[in-house]
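Q: Curious how this folds, go ahead:
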Amino acid sequence: MDITPMTLTCAQCARKLGDLVAQLPVSDIKETWKEVEFTAQQLANGLRVRDGPEDNHTTLGKTLLPQNLTTLLTSALNGTVIPDAGRTAPVFEILRVGANLCVEHDQNRGHLLEAGFPQAVVSLLEGYTETIPEEPQMDPFPMSIAHLQVVKTAIGVLLNAALTYEPVRNRLISLEVAKTIVRLSTALYPPAAWMRTASNLYPADTSLADITFDRIAESWTIRAGLSSWAGRLISELQDDVHPLFSQEVLPYLVQSLIAFTPPLLTAPLPPHFTQPSPLRTTLLNTDFDLLSESCSHLESTALDVADVRLSLARGFTFPSEHHDVPCFSVMLEFVEKGRYAPLWYVQSETGLEGGDVSKKEKAFDDCKAAVIKAVVEVSGDDRNLDLLWDDSDDSRPGGEFVSRMIDWIRAFVSDGNNDRDDLVICATLSLGNITRGESHSTILLSQPHDIGRLLSSDDLLAPSTDIKLKHGVIGLLKHLAQSSSQMPSNRAALSAAGVIQRILRSGVWDDRSDFMLDIVQVNAIGAIKHLCSNSVDNSCIFILEPVEGQEPPSTGLSQLLSLVKRSDTVAIKSEGTRIIVNLIRSLWTNEHKDEQGSKEELQARQQKRTKAMDTLLTPPCAEALAALIGRSTKHVVLVNEGVVASSLLSMHRDGGALVLNALTTPLPVEVTQSSTGSAPVSATASTSSETLDSPIATSPKGVPNKITYIRALDQLIASLKSESTPAEVRTNICVFFGQLSKRGSGEGLQKLKEATRPILEELVDVHGQGMLGSAARRVLDMWIAE
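A: Got it, this is the predicted structure:
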């Protein structure tokens, strides 16, 4: 009597499958495939045991079993894209054998890969994908239990084969299986579809009498499990080098966002799911897992794939880009209106206790943060500027996207108890990305937007405002202020809104420790730097006007000098000092002879200006300019700015001595020495980036570590000697020395002469009657005449 399949060992089952493979060319009939089904079923069950007395996995992996599985799977399709009804059961069991054979077994993963089994499974899944509509559907794609089992198990095979095994993983990536999986799993389990419908789960030819709730529950259970395995497989395939997705998958990824946004989120439940149950909890958890995965993929693809960013922006204007799914609009809608699932808060919901709900709320907030990052990345792509900024509608200047961002900001400011700072962060960062040039800034600062007053409201820039919110607001203000030098009306709008005063009251220049504080401080410096450029009024406000609510009392200038002195960041030190440069330029070079106003008003204004100039004539300001010159060894523009501002400062009756002293005094230690030894450390350690621009000369390697303190004057001499320094800058330095010679005296002037005479004489010899040589000669002639 023949041995029945129920009594065969794993090895006998494997040999039996080999025999059946040999019979297929001459006996490809129903009975043969029934034997394949029973034999594969027993083998799959046997391979579930991993700790038995025999190592069946290793033994069978070395046989022809992997090749036979591939042959059986291919033969079962018989030229069709998916198995017919009579072949689904044997295909299901063949897939189970493959899945169990490679569980935690790299050798068998390799054997299956060599035999082409994972590739054949991918082809099977692609066949199923060909049967579903190309565009995403709101309702689940009808499919029998048997086919659902095949699809789920096929995904399980790939998951087991790829886990921690690079060769299979790399092959699946090359086959772009992630796109196939997303399309197929989304069609079979559209997020939250169970909340909308209990029909359409089965093919149209299924008898209504057979569609009981138990069958409905079984279908949803398989679909949810399939979706979960698909998510795990895609996560396994992800890395930081190879983006898994392109723009084709965007319509499928945003389906989860739609599910968590009204009206779908709040739609009435179908009768079978009105009461809590383990199945309903499973489906709730599956929906949220899908949301988490989708938001993560949207963020990563927007960061890594330029075509995805372009496609999202293009779809905002042309919905046909994504099969009429407005993906970018869906993302914005989710950020604004997406909500926690109401069913999370049903007290009797199985498995959803208070702690679990809190974790879900936190994870949901993280999902929104991921989508916000994606939105900001899309807005930051230069190619998207013309797609997101639209001047075609006069009633909505800037277009739909710009208007919506400003509406988010306005709603936050209008509601005194608003907790939607995430919307303002998204809006300000996005507007900052697409606000390019004077025309864009003018539109934002004009009616109906009037964004200057919105951004300078206490709701957005109070000392207690979260630093991430300040980052977005002040960053946008900096972009708007950059246009003010070319558009006086823009500066007037920002000034009228009290932007300088509001930034100073916000506390961003306070001595606090925060991981985002540096960049916020730099943006605040940038905004004020531009607003004080060529503006006597703003310069006087910054220098003289007490900052409200500050204890001890302070002004903008005192805050700035304190920040520049204590900061470890080169950008803060240098850019902060450039505010002083602009203050000096504004007050020293703007006469405003054509000003309008009464004689008394003009006189009062001049008095204020004189008082502001006197306030700048202090050692801290002169020393800050000298430090700017000294640290800017690689930034000749900054050296020139420091020279011009110091020269202007020295023109004042009391300025010459201040500037000379600052130039000839050794600069403070601003950089902590990285080498070992006895190098002194400053009270404020610096970031490593500052080392490159350090005003401190250190000893060569192998020599005891010493610090040679240098002066700003030494940097100016080095700039004069360097042929790489532009002639205009070198000429300005010579003019500066001449100016100091007129205003200075005593030991400081003598030090200047002794240090600079050799290089000035050399410049005269080399450049003769040229611009630079003439400037150097004028200084020397001045000294001879004294």
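
Q: Going by C-alpha atoms from here, please, whenever you check contacts or count neighbours.
A: Will do.

Q: what about the protein, any weak spots by pLDDT?
A: Counting by pLDDT under 70, the ranges of the chain that qualify are 1-6, 198-199, 207-210, 347-354, 416-417, 513-515, 590-597, 670-709, 786.

Q: what about the residue nearest to V121 when sequence neighbours are not counted, neighbour count?
A: With sequence-adjacent residues excluded and distances taken as CA to CA, 6 or more residues apart in numbering, V121 is closest to A154, at 6.1 Å. The criterion is other CA atoms under 10 Å. On that basis, A154 has 25 neighbouring residues.

Q: contacting residues for A154?
A: Applying CA atoms under 8 Å, 6 or more residues apart in numbering to A154 gives the contacts 95, 121, 124-125.

Q: most neighbours, which of these?
A: Of all the contacts of A154, L95 has the most neighbours under the rule other CA under 10 Å, reaching 29 neighbours.

Q: For the helix or strand harbouring it, which helices and strands make contact with it?
A: Take DSSP states H and E as the rule and L95 turns out to sit in helix 88-101. Contacting helix 88-101 under the criterion 3 or more CA pairs under 8 Å, 6 or more residues apart in numbering; DSSP states H and E are the following elements: helix 30-46, helix 65-77, helix 145-162.

Q: Now do that helix and helix 30-46, the angle between them.
A: Relative orientation of helix 88-101 with respect to helix 30-46: 30 degrees, computed using axes from the mean of the first three to the mean of the last three CA atoms, to 10 degrees.

Q: V150 and L628, how far apart?
A: As defined by CA to CA, to the nearest Å, V150 lies at a distance of 70 Å from L628.

Q: Equivalent analysis for V97, please.
A: Computed as CA to CA, the V97 to L628 distance reads 72 Å.

Q: Could you tell me the angle between the helix holding L95 and helix 65-77?
A: Going by the same axes, to 10 degrees, helix 88-101 is angled at 160 degrees with respect to helix 65-77.

Q: residues of helix 88-101 that come out buried?
A: By neighbour count, with 16 or more other CA atoms under 10 Å as the criterion, the buried positions of helix 88-101 are 88-101.

Q: Rebuild those as TSV, extending it with distance to V508.
A: Conversion of those to TSV gives the following (distance: CA to CA, whole Å):
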residue	distance to V508
T88	66
A89	67
P90	68
V91	65
F92	63
E93	65
I94	65
L95	61
R96	61
V97	63
G98	61
A99	58
N100	59
L101	61
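
Q: Out of these, which is nearest to I717?
A: Within the set of those, A99 lies nearest I717; the separation is 75.2 Å, counting by CA to CA.

Q: Setting aside sequence neighbours, what's the nearest residue to the closest one?
A: What sits nearest to A99 in space, not counting adjacent residues and going by CA to CA, 6+ apart, is V157, at 4.3 Å.

Q: mind listing what that neighbour touches?
A: Shown in contact with V157 (CA under 8 Å, 6+ apart): 95-96, 98-99, 118, 121.

Q: Over to A115?
A: Neighbouring residues of A115 by CA under 8 Å, 6+ apart: 66-67, 70.

Q: Next up, phi/psi of it, please.
A: Taking degrees, to the nearest 10, you get phi -80, psi -10 for the backbone angles of A115.

Q: Check the gap between it and L65 for me.
A: A115 is 9 Å from L65, by CA to CA.

Q: And A178, by the same measure?
A: 27 Å.

Q: Including distance to H471 and secondary structure, could the contacts of A154 go into a markdown table?
A: Putting the contacts of A154 into a markdown table (distance: CA to CA, whole Å; DSSP: H, G, I helix; E, B strand; the rest coil) gives the following:
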| residue | distance to H471 | secondary structure |
| --- | --- | --- |
| L95 | 53 | helix |
| V121 | 49 | helix |
| L124 | 50 | helix |
| L125 | 47 | helix |
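
Q: out of those, who's nearest G526?
A: The shortest separation between G526 and any of those is 55.0 Å, and it belongs to L125 (by CA to CA).

Q: still on that earlier bit, export the contacts of A115 to TSV and tack on neighbour count?
A: Conversion of the contacts of A115 to TSV gives the following (neighbours: other CA atoms under 10 Å):
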residue	neighbour count
P66	25
Q67	19
T70	23
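
Q: How about A657, nearest residue that isn't a chain neighbour?
A: Spatial nearest neighbour of A657, chain neighbours left out: G744 (5.4 Å); criterion: CA to CA, 6+ apart.

Q: Isn't that neighbour up against D654?
A: No: contact status for G744 versus D654: not in contact, 9.3 Å apart, counting by CA atoms under 8 Å.

Q: who has more neighbours, the two?
A: Between G744 and D654, counted using other CA under 10 Å, the more crowded position is G744 (25 against 15).

Q: what's near enough to touch the more buried one?
A: 656-657, 660.

Q: Weed out the non-buried ones from those.
A: Among the contacts of G744, those classed as buried by neighbour count (16+ other CA under 10 Å) are 656-657, 660.

Q: Just the residues contacting stretch 42-58, thanks.
A: If you take CA under 8 Å, 6+ apart as the criterion, stretch 42-58 is touched by 5-6, 8-11, 13-14, 93-94, 96-98, 100-102, 105, 107-108.
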